[in-house]
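In: Sequence and predicted structure, then a few things I'm wondering about:
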Amino acid sequence: MNAMAGDRILVHGKTVGEADRHGEIIEVRGEDGGPPYMVKFDDGHTGLVFPGPDAVIEHK
C-alpha cells in the first residue's frame, strides 16, 4: 500500500453498524510511500494509522 500526502483514506467499519471512517493523509512516515500515515479524519481527529486490509487509499 503506497500513498502521498493529499490522498484520501477510507477505513471500513469492522463490525455491523460501525460507520466507515474517511480522512486525508497529511504525512507519510514510511519509506517509499508506505505506512504509517498521519491522517486527519473528517470528524476532526488526527492520528497515526497503520492501515490493514479494511483500508483503501484513494489517490488524488
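Out: That came through fine.
In: for the lengthiest strand in the chain, which positions count as buried?
Out: Ranked by number of residues, the top strand in the chain under DSSP state E is strand 21-28. Residues of strand 21-28 classed as buried by neighbour count (16 or more other CB atoms under 10 Å): 21, 23-25, 28. (C-beta placed from N, C-alpha, C; glycine too.)
In: and the residues you listed, which two are the farthest apart?
Out: Maximum pairwise distance in the buried residues of strand 21-28, criterion CB to CB, is 18.2 Å, between Arg21 and Val28.
In: and Gly47, bridged to which residues?
Out: Val39 (DSSP bridges).
In: separation between it and Val16?
Out: Gly47 sits at a distance of 24 Å from Val16 (criterion: CB to CB, to the nearest Å).
In: so where's the chain shaky on pLDDT?
Out: Within the chain, no stretch falls below the threshold (pLDDT under 70).
In: Quick check, Asp20 in contact with Leu10.
Out: Yes - between Asp20 and Leu10 there is a contact at 6.0 Å, judged by CB atoms under 8 Å.
In: who's more crowded, those two?
Out: Ranked by neighbour count (other CB atoms under 10 Å), Asp20 and Leu10 place Leu10 first, with 14 against 10.
In: Next, that one: secondary structure please.
Out: For Leu10, the assignment made with DSSP: H, G, I helix; E, B strand; the rest coil gives strand.
In: didn't it look like it was pressed against His22?
Out: Yes - contact criterion CB under 8 Å: Leu10 and His22 qualify, at 5.6 Å.
In: is Ile57 in a bridge, and if so with what?
Out: Going by DSSP bridges, Ile57 forms beta bridges with Ile9.
In: Begin at 33, not 1, for the rest of this chat.
Out: Fine by me, first position is 33 from now on; the one you just mentioned is Ile89.
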